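Q: Okay, here's the prediction I keep looking at, along with the sequence it came from:
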Amino acid sequence: MKTMYKQVEIEISREDIAAQEGIDAVVNAANAELAIGGGVAGAIHRTAGPQLYEECKPLAPIKPGEAVVTKAYKLPNQYVIHCLGPVYGRDKPEDKLLANCYRNALKLAEEHKISSIAFPALSTGAFGYPIKEATEITFNTILAEVPQLNHLQKLKFVLHSEGDLKIYESVFRDLSEKK
């Protein structure tokens, strides 16, 4: 699915987050130590190579809701924006922390004059955030931030499963029609 919202192209697709050609920055669903992990963090670190973790080490640890930026090394992008999403049921208030992930990633994108960014579904894998609730927070936050962005031209949401893709498309349609 591709559409325009305000001045930004929004794309929602099911792909590999570590293979985002033509995108300036990818977002890593990071752990606090910014180390290689499972899921998104594993895919990004494996593809980027060991230099990514070397650059991450002095930036860690980060807290839920925080974001940091690094080079992308062997990824087909310029930057990786690492966000630590909340663990559902443990990190409180998880809705505000999840929203902060997206706000802080967009803030870093603005500071680095990034024109395109790809997000995974933050906190919905091993961190247990229910996908529909997380998606509503994602789009409520993103759609509120887009009007203030000067550099961003494309936002891409890269989902792992067909089920997540359908939820993202449905929630986006519902929320964007109300805004």
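A: Noted; the coordinates are in hand. Residues are numbered from 1 along each chain as shown.
Q: going forward, measure contacts between C-alpha atoms and count neighbours the same way
A: Fine.
Q: dump the residue contacts of the residue nearest the centre of the chain.
A: The chain has residue 119 as the residue nearest its centroid, 3.0 Å off, counting by Cα atoms, centre = their mean. By Cα atoms under 8 Å, 6 or more residues apart in numbering, residue 119 lies in contact with 17, 26, 27, 28, 155, 156, 157, 158.
Q: Okay, and the beta partners of it?
A: Taking DSSP bridges, one obtains residue 157 as the residues bridged to residue 119.
Q: if we can go back for a sec, farthest-separated two in the contacts of residue 119?
A: Farthest-apart pair in these is 28 and 155; separation 14.6 Å (Cα to Cα).
Q: higher neighbour count, these two?
A: residue 28 (30 against 23; other Cα atoms under 10 Å).
Q: how close does the more buried one sit to residue 96?
A: 19 Å (Cα to Cα, to the nearest Å).
Q: Check the secondary structure at the nearest residue to residue 6 once chain neighbours are set aside for me.
A: Nearest-residue entry for residue 6: residue 147, 6.9 Å, with adjacent residues in sequence omitted and distances by Cα to Cα, 6 or more residues apart in numbering. Secondary structure for residue 147, judged by DSSP: H, G, I helix; E, B strand; the rest coil, is helix.
Q: wait, residue 147 sits on residue 5?
A: No: under the criterion of Cα atoms under 8 Å, residue 147 is not in contact with residue 5, lying 9.2 Å apart.
Q: more neighbours, these two?
A: residue 5 (15 against 12).
Q: Please name the bridge partners of the more buried one.
A: residue 8.
Q: quick one: pLDDT of it?
A: As predicted, residue 5 sits at a pLDDT of 89.
Q: Distance-wise, check it relative to residue 155.
A: On the measure of Cα to Cα, residue 5 and residue 155 end up 10 Å apart.
Q: try residue 103
A: From residue 103 across to residue 155, the span is 13 Å (Cα to Cα).
Q: overlap in contacts of these two?
A: Contacts common to residue 103 and residue 155, judged by Cα under 8 Å, 6+ apart, are absent.
Q: Name the SS class of the closest residue to residue 108 other than its chain neighbours, please.
A: Leaving aside its sequence neighbours, residue 108 sits nearest to residue 69 (Cα to Cα, 6+ apart; 7.1 Å). Using three-state DSSP, the structure places residue 69 in strand.
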